[in-house]
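**Student:** Build me a model from this:
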Amino acid sequence: MAVLDQLETLILANHPQHNNVVECLAELGAPSVSIAVLDNGQVSARCYSVAGDDVETAFQACSISKAANAVATMKLIDEGRLTLNGTLHELLPREYLDIILDGAPPKQRPLIESITIKQLLSHTGGLAPDSFPGYSASATVPTMSEIIAGKKPANTTRFRLVSLPGHIFEYSGAGSTLLQLILEAVSGKEYRDLMQDLVLTPLQMTRSFYSPRKEKDKNIARTYRTGSTECDANHHCFPELAAAGLWTTPTDLLKLIRDVQRSIYGEGGMLKQATAAEMLEEIDGGFSLGWQRRKSQPAVFGHSGSNEPGFRSLCMGFLGKDGNDALSRSGIVVMTNAETGDLLRAQCMQAISALKGWPFPEHEARAQRLGRPASESGNDWKAWNGEWTSKNGRTFLIKEGTHGLPLLVYDGLGEVVLLPAVDGRRGEDGGFVDFVLQGLPLLSMALEEGGGMIKLQRLRGESEELKRL
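**Tutor:** Sure thing, here's the model as predicted:
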């Protein structure tokens, strides 16, 4: 069974009141969920939508724009037009640098001027603001000078130093925006044209662009507050293109991820092998140069994103032992268009990773796991049959239900089906010992010590140990 078919099975197993995946996802908060999976070089894509969207519908990539910007920057470094040690003093057009310096204490000015390209890419430049809310169609879009100065009609504060350059990670949309201006100055092109020439066209990202061209690009997603309630604005415009301005599809983003993989293994990617390796080396805070990557989990790189009023995106690529490893030709992208789409975005990503046996980022692990069909439970769980109690005196009875499948009776009030967690551990006899509670996304259960302990795990907060009565 294809992995997206398996995902659909999981979604319906967790929500048995539904028999339609599209309607189920909408009720859970996402009117459109667009997914693409790269599996050993082969791409499969589906869009689950009550809004008429399809796999060609463009969504805002949100902060994944920063990853694309990093690839472009590193390409210019390969071409000898930039260096990672280049500074704002050397590279940022004076009209913009003066705005930042004029608003800073005099003794800070050398610090600001010393900020490097490497620090801008790695969010260690110490600059605020961290993010941008964008502008609705009825709003006046400010100039870059107004954005940097924080002057009307800009809706963010002036660009300013809030941390010591090069000292610690401090997420910085301001840094990405200054890098956008530097790339324009170095190339002599507008940013959207530079990205088209340097990244989008070479990678054949034909459904990617930096502003909707109404006469050509009518197939773009609109934003929702929930799975059924539209936002007042179809979408926001982001003049901070490098930070948040890319429109794309999951399939197109996989082309970017695949090229990074090719570059890493010296297989004819856009970047030199050494350049790509440097781009993905963690600097601080789980970030490398424009990408999220942790030394503790070197097989995973990617980025997440969130744009007001409703776009939520997540991409992930993998690195195996060498270029011939199937993992090194694999990745996942999930994009949604609702404020309530965060949980589903992470759940789908986590479920696909578990089904394929791929790693999942530690920093995203707070998402509640989906459960497999109860029929896959096995028999190991039966060692925990019986009555248990929590510290507040509530009772938890684990018993066999229909067809011998696991059930939880809570405090004598009602039954909850236990589903084996999609990434759950298995016991000595091969059955599952990690379970989620069907329809209750904030809780899961870990069966421990061969029947001697149960941990009730909360999505938020500490786990609780249940004691056998």
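
**Student:** Could you tell me which residues make contact with Gly125?
**Tutor:** 115-116, 119, 165-166, 170, 172, 175 (Cβ atoms under 8 Å, 6 or more residues apart in numbering). C-beta: built from backbone N, CA, C; applies to glycine.

**Student:** what about stretch 437-448, how long is it end to end?
**Tutor:** Across its full length, stretch 437-448 reaches 17 Å between end residues, using Cα to Cα, to the nearest Å.

**Student:** Can you pull out the residues in contact with it?
**Tutor:** 13-16, 343, 368-369, 371, 374, 380-381, 383-384, 408, 416-419, 421, 425, 427, 433-436, 453-460, 463.

**Student:** try it again with 7 Å
**Tutor:** 14-15, 343, 368-369, 371, 381, 384, 408, 416-419, 421, 433-436, 454-459 (Cβ atoms under 7 Å, 6 or more residues apart in numbering).

**Student:** Narrow the residues you listed to those in strands?
**Tutor:** Cross-referencing the contacts of stretch 437-448 against strands under DSSP state E gives 408, 416-419, 434-436, 454-458.

**Student:** on that earlier part again, out of the contacts of Gly125, the closest to Leu25 would be?
**Tutor:** Distance ranking of the contacts of Gly125 against Leu25, using Cβ to Cβ, places Ser172 first at 33.3 Å.

**Student:** Assess the claim that the closest one and Leu127 are in contact.
**Tutor:** Yes: with contact taken as Cβ atoms under 7 Å, Ser172 and Leu127 are classed as touching, separated by 4.9 Å.

**Student:** Quick one: buried ones out of the ones in strands among the contacts of stretch 437-448?
**Tutor:** Buried members of the ones in strands among the contacts of stretch 437-448, scored by 16 or more other Cβ atoms under 10 Å, are 408, 416-419, 434-436, 454, 456-457.

**Student:** Next, count neighbours for the closest residue to Arg262 other than its chain neighbours.
**Tutor:** In space, and not counting its chain neighbours, Arg262 is closest to Gly269: 3.4 Å by Cβ to Cβ, 6 or more residues apart in numbering. Other residues near Gly269 number 19, with proximity taken as other Cβ atoms under 10 Å.

**Student:** Provide a list of residues in contact with Gly269.
**Tutor:** Gly269 neighbours (Cβ under 7 Å, 6+ apart): 259-260, 262-263, 276.

**Student:** okay, and for the chain, where does confidence drop off?
**Tutor:** Residues of the chain meeting the criterion pLDDT under 70: 212-216, 362-367.

**Student:** Other residues contacting the longest strand belonging to it?
**Tutor:** Ranked by residue count and defined by DSSP E, the top strand of the chain is strand 297-307. Defining contact as Cβ under 7 Å, 6+ apart, one finds that strand 297-307 is touched by 60-64, 66-67, 134, 236, 244, 280, 291-293, 312-320, 327, 359, 361-362.

**Student:** If you go by neighbour count, which of the residues you listed are buried?
**Tutor:** Judged by 16+ other Cβ under 10 Å, buried ones among these: 60-64, 66-67, 134, 236, 244, 280, 291-293, 312-320, 327, 359, 361.

**Student:** Identify those among those residues that sit within strands.
**Tutor:** Short answer: those in strands (DSSP E) are 60, 292-293, 312-318.

**Student:** one step back: just give me the closest of the ones in strands among the contacts of stretch 437-448 to Ala221.
**Tutor:** Val436 (29.5 Å).

**Student:** The nearest residue to that closest one once chain neighbours are set aside pairs with what?
**Tutor:** Spatial nearest neighbour of Val436, excluding adjacent residues (Cβ to Cβ, 6+ apart): Gly371 at 4.1 Å. Applying DSSP bridges to Gly371 yields these beta-bridge partners: Ala421.

**Student:** Is it correct that Gly371 is in contact with Ala421?
**Tutor:** Yes: assessed by Cβ under 7 Å, Gly371 is found in contact with Ala421 at 6.0 Å.

**Student:** Please enumerate the shared neighbours of those two.
**Tutor:** Residues touching both Gly371 and Ala421 (Cβ under 7 Å, 6+ apart) are 435-436.

**Student:** Give me the more crowded residue out of these two.
**Tutor:** Shown here are Gly371 and Ala421; by other Cβ under 10 Å, Gly371 has more neighbours (27 against 23).

**Student:** Now do the same contact list for the more buried one.
**Tutor:** 13-14, 419-422, 435-436, 438.

**Student:** neighbouring contacts of stretch 211-227?
**Tutor:** By Cβ under 7 Å, 6+ apart, the list of residues contacting stretch 211-227 from outside reads 26-32, 53, 56-59, 192, 209, 230-231, 233-235, 247, 309-311, 337-340.

**Student:** Any chance of a PyMOL selection covering the buried ones in those?
**Tutor:** Filtering the contacts of stretch 211-227 down to the buried ones (16+ other Cβ under 10 Å) takes a single PyMOL command:
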select buried, resi 26+27+28+29+30+31+32+53+57+58+59+192+209+230+231+233+235+247+309+310+311+337+338+339+340
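
**Student:** Among the contacts of stretch 211-227, which ones are in strands?
**Tutor:** 32, 59, 247, 311.

**Student:** okay, among these, which ones form the most distant pair?
**Tutor:** Largest separation among the ones in strands among the contacts of stretch 211-227 by Cβ to Cβ: Ser32 and Trp247, giving 14.1 Å.

**Student:** Report the secondary structure state of Cys24.
**Tutor:** Secondary structure, DSSP: H, G, I helix; E, B strand; the rest coil: Cys24 is helix.

**Student:** Find the residue closest to it in space, skipping its chain neighbours.
**Tutor:** Counting by Cβ to Cβ, 6+ apart, the residue nearest Cys24 is His18, at 3.8 Å.

**Student:** what about that neighbour, neighbour count?
**Tutor:** His18 is flanked by 16 other residues according to other Cβ under 10 Å.

**Student:** And it, how close does it get to Gly439?
**Tutor:** Distance of His18 to Gly439, computed by Cβ to Cβ, to the nearest Å: 11 Å.

**Student:** And for Gly134?
**Tutor:** The gap separating Gly134 from Gly439 is 35 Å, by Cβ to Cβ.

**Student:** Could you do Gln368 as well?
**Tutor:** Taken as Cβ to Cβ, the span from Gln368 to Gly439 is 11 Å.

**Student:** Looking at those two, which one has more neighbours?
**Tutor:** Set Gln368 next to Gly439 and count neighbours by other Cβ under 10 Å: Gln368 wins out with 21 against 13.

**Student:** That one contacts Leu459, doesn't it?
**Tutor:** Yes: here Gln368 reaches Leu459: they are 5.1 Å apart, a contact under Cβ under 7 Å.

**Student:** list the contacts for Phe396?
**Tutor:** 388, 390, 408, 410, 466.
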